[in-house]
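**Student:** Fold the following.
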Amino acid sequence: SVLSAFLGWCAALDGDSDGVPNDEDCAPGNPDAWAIPTPARNLRVGTSFLQWEAPVDPGGSPVLYDVLRSGDPSEFGSASCIEPGQTDPLAIDTGAPEPNELYCYLVRAHNDCGGTLGVDSQSTPRVGTACP
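**Tutor:** Numbers count the residues shown, from 1 in each chain. Sure, this is the predicted structure:
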């Protein structure tokens, strides 16, 4: 029998030098983005403001946020986009609810790879209106 040996080195291509191999990188030509960010966290709502924490894994930078408002907690497909594409985790809702009105909010974290609104209680990805 013939024995052969391979002495060499193999490496995955990383065209943009961001440390993520091209086959795992959603934007292999952009060193500032490599994955869709995980959801924004810990949304807090005050009398006229909303505040949240950045995603655990931003997937690159910058991470931008869209704030959606709906009168139905299960329907954000036709929600109002109250602050599109902002960079800081704080929003002011100038259309704050009137007494006895229900307003529900979601924050979409996104970058050049896309965005997420997280999942609902059945682990189904949430769907929301696109912001301009």
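**Student:** what pairs with the residue most central in space within the chain across the strands?
**Tutor:** With distances taken as Cα atoms, centre = their mean, the residue of the chain nearest its centroid is residue 109 (2.8 Å). Beta-bridge pairing of residue 109 under DSSP bridges involves residue 65, residue 116.
**Student:** didn't residue 68 look like it was pressed against residue 79?
**Tutor:** Yes: in this structure, residue 68 is within contact of residue 79 by Cβ atoms under 8 Å, at 4.1 Å. From N, CA and C alone the C-beta is placed, and that goes for glycine too.
**Student:** where's the residue lying closest to residue 70 once chain neighbours are set aside relative to residue 12, distance?
**Tutor:** Spatial nearest neighbour of residue 70, chain neighbours left out: residue 79 (4.0 Å); criterion: Cβ to Cβ, 6 or more residues apart in numbering. Per Cβ to Cβ, to the nearest Å, residue 79 is found 40 Å from residue 12.
**Student:** Look at these two and report which has more neighbours.
**Tutor:** Higher neighbour count among residue 79 and residue 12: residue 79, with 23 against 10, using other Cβ atoms under 10 Å.
**Student:** That one: what's it in contact with?
**Tutor:** The contact partners of residue 79, by Cβ atoms under 8 Å, 6 or more residues apart in numbering, come to 68, 69, 70, 106, 128, 129.
**Student:** confidence score at residue 6?
**Tutor:** In this model, residue 6 is scored at 59, pLDDT.
**Student:** residues near the residue lying closest to residue 41 once chain neighbours are set aside, how many?
**Tutor:** Closest residue in space to residue 41, ignoring its immediate chain neighbours: residue 53 at 4.5 Å, by Cβ to Cβ, 6+ apart. When neighbours are counted by other Cβ under 10 Å, residue 53 registers 12.
**Student:** Is it correct that residue 53 is in contact with residue 90?
**Tutor:** No: using Cβ under 8 Å, residue 53 is not in contact with residue 90; the gap is 11.0 Å.
**Student:** where does the residue nearest to residue 41 fall, phi/psi-wise?
**Tutor:** phi -110, psi 150 (degrees, to the nearest 10).
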